[in-house]
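Colleague: attaching a predicted model along with its sequence, questions to come.
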Amino acid sequence: MPSLGADMEHGKVVEWLVKPGDYIHKGDLVAAVDTDKTVMDIESFQEGVLAEFLVDIGDTVDVGTPIARITATPAELPPAPPADHGAKAAPPVRHLAHTLGVDVGRISGSGTDGEVTRADVERAAAASGTRAPEPATAPEAHRVRSSPLARRLAAELGVQLSAVTGTGPGGAVTEEDVLAAVPPRGRPAKEAGSEKPAAAPPSEAQPVEAPTAEAPRGTPEEEQPGRKRTTAAGGKAESLRQAIGALMSRSKKEIPHYYLSTTLDLAAAMAWMQAANQQRPVSSRLVPSALLLKATALAAKEEPDMNGFFTKGAFHPSSAVHLGVAVALRHGGIVAPAVHHADTLSLDQLMDQLRDLVGRARAGRLQRAEMADPTITVTNLGDLGVESVYGVIYPPQVAMVGFGKVLEQPWAHNGMLGIRHAAIATLSADHRVSDGLRGGRFLARIDELLQAPEML
Amino acid sequence: MNEQDARQAVEAAIGKVAPDVGPEDLEGSARLRQDLELDSLDFLRLVEVIAEGTGVDIPEADYPAVATVDGLVSYLAGHG
């Protein structure tokens, strides 16, 4: 079960896209996984023959849990334990394995390229009866059963899980228990999303390279690795809301946002688009969003400080522009999947991909890479009526562009007052990476590109 | 196309583009953008579905006339 986002802790296999005996190439889609946010198709990180499924349809398992076994050739069924030198594992993981007396070479890795992750090692240790060592700084004195949501909430509110009486199944501590344990004054509104601007995208971009092994996703004492969990009660809309709330809280806590806005002169762009659309059948008509997105992608390509990831204390610019597009879901919530290499697409290609992406996002069928890859995100809330939208940056990205409604506005030009199409573009950017001057140049560049729509 | 056929075509098309919109939401005065929350891509898809189903191709210049359910119905009745 790969991590499909920084805050993803578990996923449910809802569909197998392959069957035992199939030859699978690296990158082939193998399964559909339901996260708290959406259903995503996940690809294989390994090449070989699918030997068996390790979980059943409908099972919810932790990130890092093997869900299928892939062998190099059919002859290896059942496989001989691979030699240690063949196993990929980060040094800290090897160290942990050594501490726990686990042979890394005997573990099938669930990370990128079959890399053995911390979770894999912990699971193997648990299976062989060895216990992961309790960290000296463990906040809880003993193991407390709890839901991921409850733990997250507890961590945010500073509640000791061990001090809370659980009312869930098997005495597990639930979200309500945690809330009940908070002194009334410190209790937050129960709706995690109530303080979140509607424009913020929830999807959780995380560079694919980020090894799961280093993601601090829970300390060993919190739960039995690989333990199956039932889906948190409350349904998808609520869990999506919780996920959005948690991610946006993190963004606002960690990222020093600065905000800029400018009014885009869209006279040329709208006139060009309307003329172009007159020549086109409805199936290939353009919408203003396509022009705005393309201009943003081109500007992001030119302004590396807006495009990339801030991870491990440093900014890593991206040479490719994978433009995240915030898509409102009909039952509430929002996801922001990527249009890959948006700067290189023609307007027609971009338009096709946009329609496809929005359709699949609404249907809940996105691919893992689309959720994980955005290097910068655009929210186009103006399409539904607001004049301007200041987004919350979606970590680990460093910039969020917002477009307001395209309106006819009075416009002074050369000493004359006229009517033009215009829209307010905003930028929320990360002050650890750029300053207002750079951000302003980026917004100005978007406006400039839109003055020559035929070049987009 | 008479008005009844046009209304049926509109309701079918909206049902296809926005399956979550129930029949009770489809009042004649309902605005497609604000009330039914169709964004520009949904709207484009709606125009496309209507063109496929009825043969009426609504040019972009006429979009303001079809901003509500009733507007769309009478446009189709008048052009189909």
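Modeller: That came through, no problem.
Colleague: how many other residues sit next to the closest residue to chain B within the stretch 201-350 of chain A?
Modeller: Per C-beta to the nearest C-beta, residue A:287 is where the stretch 201-350 of chain A lies closest to chain B, at 4.3 Å. For every residue, glycine as well, the C-beta is placed using N, CA and C. Taking other C-beta atoms under 10 Å in any protein chain shown as the criterion, the count of residues near residue A:287 is 22.
Colleague: separation between the residue nearest to it when sequence neighbours are not counted and residue A:9?
Modeller: Leaving aside its sequence neighbours, residue A:287 sits nearest to residue B:40 (C-beta to C-beta, 6 or more residues apart in numbering or on different chains; 4.3 Å). Counting by C-beta to C-beta, to the nearest Å, the gap between residue B:40 and residue A:9 amounts to 36 Å.
Colleague: and these two? which has more neighbours close in?
Modeller: Applying other C-beta under 10 Å to residue B:40 and residue A:9 shows that residue A:9 carries more neighbours, namely 22 against 19.
Colleague: ok, the residue of the stretch 201-350 of chain A closest to chain B - contacts?
Modeller: Contacts for residue A:287 (C-beta atoms under 8 Å, 6 or more residues apart in numbering or on different chains) come out as A:351, B:40, B:41, B:44.
Colleague: any chance of those in CSV, plus distance to residue A:51 and pLDDT?
Modeller: Shown next, in CSV, are those (distance: C-beta to C-beta, whole Å; pLDDT from 0 to 100):
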residue, distance to residue A:51, pLDDT
A:351, 42, 94
B:40, 47, 89
B:41, 42, 90
B:44, 46, 92
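Colleague: surely the residue nearest to residue A:287 is in contact with residue A:291?
Modeller: No. Taking contacts as C-beta atoms under 8 Å, residue B:40 lies outside contact range of residue A:291: 11.5 Å.
Colleague: restricted to buried residues, select the contacts of residue A:287 in ChimeraX.
Modeller: The ChimeraX selection below is limited to those of the contacts of residue A:287 classed as buried (16 or more other C-beta atoms under 10 Å in any protein chain shown):
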select /A:351 /B:40,41,44
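Colleague: looking at the contacts of residue A:287, which are in helices?
Modeller: For those, the ones inside helices are A:351, B:40, B:41, B:44, with DSSP state H as the criterion.
Colleague: quick one: which of those is nearest residue A:368?
Modeller: Nearest to residue A:368 among these: residue B:41, at 23.1 Å, using C-beta to C-beta.
Colleague: which residues touch stretch A:339-347?
Modeller: A:286, A:290-291, A:293-294, A:296-298, A:300-301, A:320-323, A:325, A:350, A:353-354, A:357, A:369-370, A:373, A:456.
Colleague: and with 10 Å instead?
Modeller: A:273, A:276, A:286, A:290-291, A:293-302, A:307, A:320-325, A:349-354, A:356-357, A:369-370, A:373-376, A:378, A:453-454, A:456 (C-beta atoms under 10 Å, 6 or more residues apart in numbering or on different chains).
Colleague: for burial, what's the neighbour tally of residue 49?
Modeller: Unless you meant another one, I'm taking chain A. Count around residue A:49 with other C-beta under 10 Å applied: 18.
Colleague: actually it's chain B I care about, not the one you picked
Modeller: The local packing of residue B:49 (other C-beta under 10 Å) involves 19 other residues.
Colleague: local confidence estimate at the closest residue to it other than its chain neighbours?
Modeller: Excluding its sequence neighbours, the residue lying closest to residue B:49 (C-beta to C-beta, 6+ apart) is residue B:13, at 4.3 Å. Note on residue B:13: pLDDT of 93.
Colleague: so residue B:13 sits against residue B:58, correct?
Modeller: No. Using C-beta atoms under 10 Å, residue B:13 is not in contact with residue B:58; the gap is 11.2 Å.
Colleague: mutual contacts of these two, please.
Modeller: The contact sets of residue B:13 and residue B:58 overlap at B:46, B:47, B:48, B:50, B:51, B:72, B:76 (C-beta under 10 Å, 6+ apart).
Colleague: and these near chain A, which?
Modeller: B:46, B:47, B:48, B:50, B:51 (C-beta under 10 Å from any C-beta of the partner chain).
Colleague: how about the residues you listed, which pair is most distant?
Modeller: Those two in those that are separated most widely, counting by C-beta to C-beta, are B:46 and B:51, at 9.7 Å.
Colleague: count of neighbours near the residue in the stretch 351-456 of chain A positioned nearest to chain B?
Modeller: At 4.6 Å from chain B, residue A:383 is the closest residue in the stretch 351-456 of chain A, using C-beta to the nearest C-beta. When neighbours are counted by other C-beta under 10 Å, residue A:383 registers 23.
Colleague: show me what residue A:52 is bridged to.
Modeller: Residue A:52 has these beta-bridge partners by DSSP bridges: residue A:69.
Colleague: from residue A:339, how far out is it?
Modeller: For residue A:52 relative to residue A:339 (C-beta to C-beta), the value is 36 Å.
Colleague: of the two, who's got more company?
Modeller: More crowded of residue A:52 and residue A:339, by other C-beta under 10 Å: residue A:339, with 25 against 12.
Colleague: who does that one form a beta bridge with?
Modeller: Going by DSSP bridges, residue A:339 forms beta bridges with residue A:323.
Colleague: from the contacts of stretch A:339-347, which land in helices?
Modeller: A:273, A:276, A:290-291, A:293-302, A:349-354, A:356-357, A:369-370.
Colleague: buried subset of those residues, written for PyMOL?
Modeller: To isolate the buried members of the ones in helices among the contacts of stretch A:339-347 in PyMOL, using 16+ other C-beta under 10 Å:
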select buried, chain A and resi 273+276+290+291+293+294+295+296+297+298+299+300+301+350+351+353+354+357+369+370
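Colleague: how many neighbours does the nearest residue to residue B:38 once chain neighbours are set aside have?
Modeller: Once flanking residues are discounted, residue B:38 sits nearest to residue B:32: 4.9 Å by C-beta to C-beta, 6+ apart. The number of residues packed near residue B:32 is 24, by other C-beta under 10 Å.
Colleague: need phi/psi at residue B:32.
Modeller: Reported as degrees, to the nearest 10, the phi and psi values for residue B:32 are phi -60, psi -40.
Colleague: thought it was touching residue B:45?
Modeller: No. Residue B:32 is not in contact with residue B:45 according to C-beta under 10 Å; the separation is 11.6 Å.
Colleague: what residues do the two have in common as contacts?
Modeller: Taking C-beta under 10 Å, 6+ apart as the criterion, residue B:32 and residue B:45 both touch B:17, B:18, B:38, B:39.
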